[in-house]
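S.K.: Sequence unavailable; structure follows:
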């Protein structure tokens, strides 16, 4: 994973956002403000997911496709399944 450090930094910020939402609920902050933060957290997670998917396609899938064989088919199936899960969420 080429951008591991970047992913870890983004996930650390997302953890902070989640803790902030927890604190907001605990402190009875206005519901709309909490929902706004949940939306931001969701967008941040989706951003990480899309970046990971892009890395997977550029490295794992392209490499397997270049080599051919059953591994290529498997990597394509995995990518398609991951995309389907992301679209559903």
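M.R.: It's in. If you're wondering where the values come from, they're calculated on a predicted model, not measured in any experiment.

S.K.: Quick check, residue 3 in contact with residue 56.
M.R.: No. Using C-beta atoms under 8 Å, residue 3 makes no contact with residue 56, being 11.7 Å away. Just so you know, the C-beta spots here come from the backbone N, C-alpha and C atoms, and that holds for glycine as well.

S.K.: Between these two, which has more neighbouring residues?
M.R.: Higher neighbour count among residue 3 and residue 56: residue 56, with 16 against 13, using other C-beta atoms under 10 Å.

S.K.: What strand or helix carries the closest residue to that one other than its chain neighbours?
M.R.: Here the nearest residue to residue 56 in space, its sequence neighbours aside, is residue 79; by C-beta to C-beta, 6 or more residues apart in numbering that works out to 6.3 Å. For residue 79, the host element (DSSP states H and E) is helix 70-88.

S.K.: which residues sit against that helix?
M.R.: With C-beta atoms under 8 Å, 6 or more residues apart in numbering as the test, helix 70-88 has contacts from 46, 49, 50, 53, 56, 57, 60, 61, 64, 65.

S.K.: Just give me how far the helix ranked longest in the chain sits from the chain centre.
M.R.: Longest helix in the chain by number of residues (criterion: DSSP state H): helix 31-55. Computed by C-alpha atoms, centre = their mean, to the nearest Å, the chain-centroid distance of helix 31-55 equals 8 Å.
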